[in-house]
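K.L.:
A structural model of the following input is requested.
(one chain, ligands or ions: 1)
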Amino acid sequence: MPCQTNNELEAILEEAKYYTQKGKVADYIPALSKANPDDLSIAVYHPDGRCISAGDIQESITLQSISKVLTLALALIECGEEYVFQKVGYEPTGDPFNSIVKLEMSNPSKPLNPMINAGALAVTHMIKGQSVEERLNKILSFVSLLTGNEHTTYSKEVAKSEFETSHLNRSLCYFMKQHGIINEDVEELLDLYTKQCAIEVNCLDLARIGIIFALDGMEPITNKRIMPAHVARICKTFMVTCGMYNASGEFAVRVGIPAKSGVSGGILGAVPNRFGIGISGPALDDKGNSVAGLKLLELLAEKYSLSMF
Ligand code: DON
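P.N.:
Below you'll find the predicted structure:
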């Protein structure tokens, strides 16, 4: 079913678009600095398979941190809850996503949650296979299953750009290797992680992923189960407590839905039993969240009473 442009959504997007000027595109991954800061698009998926949109929904971005929710789901499916939470914790940090400080302070150096970079690297380490390629294909297949797009690929340019500059993530890995959280070659893990972060999607793909989480792991229309309900529940819980990094508390007050952002300007939203939301808006605020995307969600939350709380 094609996604229909919707006038009401267009009007809300126009209002939020002004805020794109208040943000900046990420440039610590050099390839991301090529994004257009004025872009903003949204798609909303309903449980009956209807999809409405506003803005240029073909605009593609890379998943970046949104991939952390998807690898968490995959690791929970493959390794089980007990194993995953031996290696990563449950608690929000209140620190920026790439901070190293709590790793040294926590005992025994277990990353506090799977949504910060350290935790996500530990989760990606759990995705097993004979080679980086085989592990990446597993992640790509899972993303394809969620988006319904068989041709999911990653941007070689963005992956390479991050791989070559990701020294902070390397430090997090070496720290965790020293303390036995991971035990593989750090360069291989970073190769896989940067490719996972560079998987390309548009807001429509994100909305499709969102509706599957919103429906506790079920696909709309076909009613096929894509992931166990408890896996969807755990992921949504982390999206509420840690999905918007050290802005998660404010986001819970202002919007009140499970959501996950990425530094490419994507936001994945899952309104339980109601909507899957996908947003692309590369201009970021100082915490790394899409500034106009946040505004858009705030306006939507108010208009349609989206808050779970
Ligand atoms: O590891 C990184 O720094 C990036 N690949 C992902 C970070 C990210 O998206 C944080 N988001 N707000």
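K.L.:
Near the ligand, which residues of the protein are found?
P.N.:
Contact residues (CB under 6 Å from any ligand atom) of the chain with the ligand: 64-65, 97-98, 117, 162, 169, 197, 245, 261-263, 288. All C-beta atoms are positioned from the backbone trio N, CA, C, and that covers glycine.
K.L.:
Mind checking which of those are in helices?
P.N.:
117, 162, 169, 197 (DSSP state H).
K.L.:
Please identify which residue in the stretch 101-250 of the chain comes closest to the ligand.
P.N.:
Proximity of the stretch 101-250 of the chain to the ligand (CB to the nearest ligand atom) peaks at C197, 3.7 Å away.
K.L.:
From Y19, how far out is that residue?
P.N.:
Going from C197 to Y19 by CB to CB, to the nearest Å gives 25 Å.
K.L.:
L190 too?
P.N.:
33 Å.
K.L.:
same check, this time on S171
P.N.:
Taking CB to CB, one finds S171 at 33 Å from Y19.
K.L.:
More neighbours: these two, which one.
P.N.:
Y19 (20 against 15; other CB atoms under 10 Å).
K.L.:
quick one, what contacts that one?
P.N.:
283, 291-292, 294-295 (CB atoms under 8 Å, 6 or more residues apart in numbering).
K.L.:
hang on, it in a strand?
P.N.:
No - the assignment for Y19, made by DSSP: H, G, I helix; E, B strand; the rest coil, is helix rather than a strand.
K.L.:
just use 25 as the starting number from now, easier for me
P.N.:
All right, first residue 25 from here; so that's Y43.
K.L.:
got CSV for the residues of the chain next to the ligand, with neighbour count too?
P.N.:
Shown next, in CSV, are those (neighbours: other CB atoms under 10 Å):
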residue, neighbour count
Q88, 25
S89, 24
F121, 23
N122, 17
N141, 22
E186, 25
N193, 22
C221, 30
Y269, 23
S285, 31
G286, 28
V287, 25
G312, 21
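K.L.:
can you put the residues you listed in a markdown table and add pLDDT?
P.N.:
What follows is the residues of the chain next to the ligand, written out as a markdown table (pLDDT from 0 to 100):
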| residue | pLDDT |
| --- | --- |
| Q88 | 98 |
| S89 | 97 |
| F121 | 86 |
| N122 | 86 |
| N141 | 95 |
| E186 | 98 |
| N193 | 96 |
| C221 | 98 |
| Y269 | 86 |
| S285 | 97 |
| G286 | 97 |
| V287 | 97 |
| G312 | 92 |
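K.L.:
any chance of the residues you listed in CSV, with distance to K201 too?
P.N.:
Putting the residues of the chain next to the ligand into CSV (distance: CB to CB, whole Å) gives the following:
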residue, distance to K201
Q88, 23
S89, 22
F121, 20
N122, 17
N141, 15
E186, 19
N193, 12
C221, 20
Y269, 24
S285, 28
G286, 25
V287, 24
G312, 25
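K.L.:
how does the protein divide into domains?
P.N.:
28-86+225-328, 89-221 (automatic domain parsing).
K.L.:
and these, which is most packed in?
P.N.:
Stretch with highest mean neighbour count among the domains of the chain: domain 28-86+225-328 (a mean of 21; mean count of other CB atoms under 10 Å).
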